[in-house]
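# Sequence below, structure please.
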Amino acid sequence: MSNQPASALSSPRFCNMGTFMRMARVQNAKGLDFAIAGAPFDTASSFRSGSRFGPSAIRNISCMMKPNNVIQQVNIMDSLTGGDLGDFPIVPGYIHPSYAAIEAGVAGILNDGALPIVLGGDHSITLAELRAVAKKYGPVGLIHFDSHSDLCDEVFGEKYNHGTPFRRALEEGLIEPSRCIQVGMRGSLYDPNEHKMAADLGMKLIPAHKIREMGLDALVDAIKERVGDKPVFLTFDIDFVDPAYAPGTGTPEVGGFTSLEALTLMRALTTVNFAGFDIVEVLPAYDHGEITAYLAANIVFEFLSILALQKNRKEGK
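Numbers count the residues shown, from 1 in each chain. The predicted model follows:
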């Protein structure tokens with residue numbers, strides 16, 4: 001049986017299998033290089049809800065994706081074996097049972113020897129993923145693309161919210177602060193010193209306006225220098241991208257990055273030692289023409305391309 005997804009030359013794209021890129025639906029991750037799963041939880045959102053429908057939207061439009069990455073010169077499914085597990089059994093309205101389901105699901109992927117790729121869902125889900133990843137690797141490095149730092153201690157008096165996951169991750173010893181970098185933060189704030197909080201916690205934060213001053217090449221160098229060669233988790237909040245390019249999100253911030261800039265940054269991370277990945281905060285109800293979901297699908301594709309290049313390099317291809 002071919003590992004390639006169904007071709008639109010023989011099966012129309014609208015004959016969708018309900019999986020990412022029309023990949024095979026799998027029951028577990030045994031024998032796979034990667035496994036895609038959805039975490040359709042959005043109860044921790046602080047403004048617009050609806051990102052629970054993000055995984056479905058990303059999968060639906062991902063039927064447009066083809067397996068060859070022309071820029072990276074790799075066919076992801078020639079090089080990798082993977083599939084789509086469907087969604088974790090989250091519990092709407094209840095964050096801790098949902099965390100347990102997400103952690104167990106990611107742990108299952110890792111225990112099977114595959115790399116987890118999770119489609120969110122609001123950004124609170126990353127804490128549960130990091131719990132599973134840290135149980136395998138110990139504290140990991142973090143690359144965090146976002147317009148918000150998500151380092152609040154509390155939101156609405158609650159410790160668990162999509163604005164708090166990385167504060168909790170630090171407290172729980174899931175991430176190594178000296179190997180964490182947060183990129184793209186911008187927008188108005190209640191606390192003018194909020195961006196300094198990252199440094200106080202031992203992390204590095206580069207806001208959007210500083211990136212404009214330093215340029216993308218220098219940013220990539222800073223990311224690689226920060227995370228080193230030990231395992232790293234990459235989390236990509238779609239609101240890193242300007243709402244002109246990604247309007248379908250829960251807490252948009254103007255002055256962000258283009259879709260091309262986001263893809264360019266992803267393509268430059270081919271030497272990072274990844275332990276896991278997620279993309280979060282896609283909200284289809286505000287997504288005109290599915291452009292946000294399609295960008296998210298392309299970001300996942302670029303991540304898969306990195307994994308394919310790394311595997312080929314390891315095998316001497």
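
# mind listing what's buried in the helix or strand of the chain with the lowest mean pLDDT?
Among the helical and strand segments of the chain, the one scoring lowest on mean pLDDT, DSSP states H and E is helix 194-200, with a mean of 88. Neighbour counts over helix 194-200 (16 or more other CB atoms under 10 Å) mark His195, Met197, Ala198 as buried. All C-beta atoms are positioned from the backbone trio N, CA, C, and that covers glycine.

# After it, which helix or strand is next?
Later in the chain than helix 194-200, the nearest helix or strand by DSSP states H and E is strand 204-206.

# What pairs with that next one, parallel or antiparallel?
Partners of strand 204-206 in the sheet, by DSSP bridges, are strand 175-183 (parallel).

# how about the helices of the stretch 51-200 of the chain, start to end?
Using DSSP state H, counting those that start in this stretch, the helices of the stretch 51-200 of the chain run over 54-61, 76-79, 95-111, 125-137, 165-171, 194-200.

# Columns distance to Arg313 on top of those helices, output as JSON lines?
Formatted as JSON lines, the helices of the stretch 51-200 of the chain follow (distance: least, CB to CB, whole Å):
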{"stretch": "helix 54-61", "distance to Arg313": "28"}
{"stretch": "helix 76-79", "distance to Arg313": "10"}
{"stretch": "helix 95-111", "distance to Arg313": "22"}
{"stretch": "helix 125-137", "distance to Arg313": "21"}
{"stretch": "helix 165-171", "distance to Arg313": "30"}
{"stretch": "helix 194-200", "distance to Arg313": "32"}
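
# Can you check which of these gets nearest to Thr43?
Nearest of the helices of the stretch 51-200 of the chain to Thr43, taken as CB to CB: helix 95-111 at 6.2 Å.

# now the strands for this structure?
Assigned by DSSP state E, the strands in the chain fall at 34-39, 68-69, 74-75, 82-87, 115-120, 140-145, 175-183, 204-206, 232-237, 274-280.

# Tell me which of those lies nearest to Val106.
Of all those, strand 115-120 sits nearest to Val106, with 4.8 Å by CB to CB.

# For the closest one, what is the distance to the chain centroid?
Offset of strand 115-120 from its chain centre (CA atoms, centre = their mean, to the nearest Å): 7 Å.

# Likewise for stretch 60-74?
How far stretch 60-74 lies from its chain's middle: 17 Å, per CA atoms, centre = their mean.

# end-to-end on it?
End-to-end distance of stretch 60-74 (CA to CA, to the nearest Å): 23 Å.

# on that earlier part again, got TSV for the strands of the chain, with distance to Ser305 and mean neighbour count too?
Formatted as TSV, these follow (distance: least, CB to CB, whole Å; neighbours: other CB atoms under 10 Å):
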stretch	distance to Ser305	mean neighbour count
strand 34-39	12	26
strand 68-69	4	16
strand 74-75	6	19
strand 82-87	12	22
strand 115-120	12	27
strand 140-145	16	25
strand 175-183	20	21
strand 204-206	24	20
strand 232-237	13	26
strand 274-280	12	25
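
# closest one to Arg25 among those strands?
That would be strand 82-87 among the strands of the chain, by CB to CB, at 5.7 Å.

# on contacts alone, who are the packing partners of the closest one?
Packing contacts for strand 82-87, counted by 3 or more CB pairs under 8 Å, 6 or more residues apart in numbering; DSSP states H and E, involve strand 34-39.

# So in the chain, which helix runs the longest?
Across the chain, the helix with the greatest residue count (assigned by DSSP state H) is helix 291-314.

# Give me the distance from that one to the chain's centre.
For helix 291-314, the distance to the chain centre is 11 Å (CA atoms, centre = their mean).

# Just the mean pLDDT for it, thanks.
When pLDDT is averaged over helix 291-314, the result is 97.

# Tell me where this protein is predicted with low confidence.
1-2, 6, 8, 10-17 (pLDDT under 70).

# Tabulate the strands of the chain in a markdown table, adding columns for distance to Gln310.
Formatted as a markdown table, the strands of the chain follow (distance: least, CB to CB, whole Å):
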| stretch | distance to Gln310 |
| --- | --- |
| strand 34-39 | 11 |
| strand 68-69 | 13 |
| strand 74-75 | 10 |
| strand 82-87 | 14 |
| strand 115-120 | 10 |
| strand 140-145 | 15 |
| strand 175-183 | 19 |
| strand 204-206 | 24 |
| strand 232-237 | 12 |
| strand 274-280 | 8 |
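
# Out of these, which is closest to Gly18?
With CB to CB, the closest approach to Gly18 among the strands of the chain belongs to strand 82-87: 8.2 Å.
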